[in-house]
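Asker: output the structure for:
(chains A, B, C and D)
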There are 2 protein chains.
Amino acid sequence: MSTEGKGINAMNEPRPDNRERIIEAANRLFYTKGYNQASFADIADEVGISKGNLHYHFRSKVDLLEAILVVRMKEVKNNLAQWDEEYPEAKDKLRRFVQMLLSEEAELVRYGCPLGSLNMELGKYQPELRDQSRAMFDLFRSWLEKAFKQLGCKDSQSLSTHLLTMAQGAALMTYVYADSQLLKDECSKILEWIDSL
Amino acid sequence: MSTEGKGINAMNEPRPDNRERIIEAANRLFYTKGYNQASFADIADEVGISKGNLHYHFRSKVDLLEAILVVRMKEVKNNLAQWDEEYPEAKDKLRRFVQMLLSEEAELVRYGCPLGSLNMELGKYQPELRDQSRAMFDLFRSWLEKAFKQLGCKDSQSLSTHLLTMAQGAALMTYVYADSQLLKDECSKILEWIDSL
DNA sequence: GTCTATAAGAAGATAGAC
DNA sequence: GTCTATCTTCTTATAGAC
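Answerer: This is a model prediction of the structure:
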């Protein structure tokens, strides 16, 4: 798929990194505007290339979305792996998860949760992509489950689902009310719950 | 596109109730397909009228949405008023709220929460309608707050927000995983929390 | 690889006959 | 009130020159 190391022309010079730049821009726009509202024109404009060029790199919008899901999956995996290194203690892992919400306050208020909103949208519009979109949730879910197991909880599966559920609820309400205080309050409650385990 | 015969009269006869039928169909389609994915053609087809006729009753899509928001607001108000009558006890009121989720299991699994999904969608697409869409949340929020106050809780506001947050999280996760068991488990946890108050 | 030009279709919305 | 026909704009996607 990658076409690296091509010669550089005089005019219409190739930008070997354009594919990456497209993915970056689309990743951002699919989040901020939503998948269906972010058009090829928007993305091409953002990158500074023509729509035709965009279609050269990605035949269809679904192709582009799939490439972005791959990127997001990788990002989540990297984050979780890093947290595993930094926080050997199970409860610290759980707290770090909640801390993610707080550190994304500004984006949550303006655009909602990138996982939750994409899953809502794809569920209604692109049923065939639900599985891939849901896979990001699965990463968090199984990582949290491992942490609960490490903590010695029997019902680690239901606890991980519960934590994810509270986080999604908090993210959604934060977005609906565009209220960062709401986010802080809900995260405090989640952290208290973690402490009480 | 089909100009299906209504079989009742000969030609172009007035249907005084078409306006109501349009609202019903649009209300359903805005929920099941989403506001942006439900087109005028979809709605006209569902009602069995032409797009032109639809535009006679509602000049724009936003007009139609506003009419539907009025209907939904009324429905929520009616529900809350009825629950007030049926459940004088504060905790019973809170339980009834959770019961609503369980009784909407099939719809939540397939289409998500009508309030949550609409708010997510309008937030990204129609910022000018966020306030109206959010108003449905406000109805629940203040009703719950009253119940918590009746129960003697000082922090009734934060508790009502918290309950709404958990409900939204549960609805979203139920939808993403199309998992009715998840809904039952989360509702059980919420009910336990209510009991513990 | 990149561009311009254009197809092909769907969307919201309007005009005018009946 | 209802219809058909049409307009305009936006969308995804393709064709072909450079």
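
Asker: can you tell me if the worst-scoring helix or strand of chain A on mean pLDDT touches chain B.
Answerer: When each helix and strand of chain A is scored by mean pLDDT, DSSP states H and E, helix A:114-125 comes last, with a mean of 94. Yes: if you take Cβ under 8 Å from any Cβ of the partner chain as the test, helix A:114-125 does meet chain B, through A:116-117, A:119-121, A:123-125. In short, each C-beta sits where N, CA and C put it, glycine included.

Asker: say whether DNA strand C is contacted by that helix.
Answerer: No: using Cβ under 7 Å from any atom of the strand, helix A:114-125 stays clear of DNA strand C, coming no nearer than 11.5 Å.

Asker: could you list every helix and strand in contact with the helix or strand just after that helix?
Answerer: Next helix or strand after helix A:114-125 toward the C-terminus (DSSP states H and E): helix A:130-150. Judged by 3 or more Cβ pairs under 8 Å, 6 or more residues apart in numbering or on different chains; DSSP states H and E, the packing partners of helix A:130-150 are helix A:61-86, helix A:90-103, helix A:114-125, helix A:156-176, helix B:156-177.

Asker: weakest of the ones you listed in terms of mean pLDDT?
Answerer: Within the helices and strands packed on helix A:130-150, confidence is poorest for helix A:114-125, with a mean of 94 (mean pLDDT).

Asker: what's in contact with that one?
Answerer: A:30-31, A:34-36, A:72, A:107, A:111, A:129-130, A:133-134, A:136-137, A:140, A:168, A:171-172, A:175, B:32-34, B:37, B:111-112, B:116-117, B:120-121, B:124, B:172, B:175-176 (Cβ atoms under 8 Å, 6 or more residues apart in numbering or on different chains).

Asker: next one: stretch A:158-166
Answerer: A:94, A:97, A:137, A:140-142, A:144-145, A:147-148, A:153, A:186, A:189-190, A:193-194, A:197, B:165-166, B:169-170, B:172-173, B:182, B:185-186, B:189.

Asker: return the distance of it from the chain's centre.
Answerer: 18 Å (Cα atoms, centre = their mean, to the nearest Å).

Asker: equivalent analysis for stretch A:118-129, please.
Answerer: Taking mean C-alpha positions (Cα atoms, centre = their mean), stretch A:118-129 and its chain are 14 Å apart.

Asker: okay, buried residues for that stretch please.
Answerer: Using 16 or more other Cβ atoms under 10 Å in any protein chain shown as the test for burial, stretch A:118-129 gives A:118-126, A:129.

Asker: cool, stretch A:134-144 as well?
Answerer: Result for stretch A:134-144 [16+ other Cβ under 10 Å]: buried residues A:134, A:136-137, A:139-141, A:143-144.

Asker: before we move on, what about stretch A:188-197?
Answerer: Buried residues in stretch A:188-197 (16+ other Cβ under 10 Å): A:189-191, A:193-194.

Asker: show me which of those residues is closest to residue A:56.
Answerer: Within those, the smallest distance to residue A:56 is 45.7 Å, found for residue A:190 (Cβ to Cβ).

Asker: isn't the closest one right up against residue A:99?
Answerer: No: shown here, residue A:190 and residue A:99 do not form a contact pair, counting by Cβ atoms under 8 Å, at 10.4 Å.

Asker: out of the helices and strands packed on helix A:130-150, flag the one nearest residue B:43.
Answerer: It's helix A:114-125; of the helices and strands packed on helix A:130-150, that one is closest to residue B:43 (Cβ to Cβ) at 15.9 Å.

Asker: give the burial count for residue A:28, as a bare number.
Answerer: 15 (other Cβ atoms under 10 Å in any protein chain shown).

Asker: likewise for residue A:153?
Answerer: 16.

Asker: gap between the residue nearest to it when sequence neighbours are not counted and residue A:165?
Answerer: Nearest non-adjacent residue to residue A:153, counting by Cβ to Cβ, 6 or more residues apart in numbering or on different chains: residue A:159, 5.6 Å away. Distance, residue A:159 to residue A:165, using Cβ to Cβ, to the nearest Å: 10 Å.

Asker: more neighbours, those two?
Answerer: Neighbour comparison, residue A:159 and residue A:165: the larger count goes to residue A:165, with 26 against 22 (by other Cβ under 10 Å).

Asker: which single residue of chain A ends up nearest chain B?
Answerer: residue A:169 (2.6 Å; Cβ to the nearest Cβ).

Asker: residue contacts, the nearest residue to residue A:32 once chain neighbours are set aside?
Answerer: Spatially, and ignoring its direct neighbours in sequence, residue A:32 is nearest to residue A:111 (5.2 Å; Cβ to Cβ, 6+ apart). Each residue near residue A:111 by Cβ under 8 Å, 6+ apart is listed here: A:31-32, A:117, A:175, B:124.

Asker: next: residue A:141.
Answerer: Taking Cβ under 8 Å, 6+ apart, one finds A:160-161, A:164 in contact with residue A:141.

Asker: out of the residues you listed, which are close to DNA strand C?
Answerer: Near DNA strand C, by the rule Cβ under 7 Å from any atom of the strand, you find none of the contacts of residue A:141.

Asker: what's the closest of these to residue B:85?
Answerer: Of these, the one sitting nearest to residue B:85 (Cβ to Cβ) turns out to be residue A:161, at 35.2 Å.

Asker: where's residue A:31 relative to residue A:110, distance?
Answerer: 10 Å.

Asker: out of those two, which sits in the busier spot?
Answerer: Comparing residue A:31 with residue A:110 by other Cβ under 10 Å, the one with more neighbours is residue A:31, at 21 against 14.

Asker: with that, I have no additional questions.
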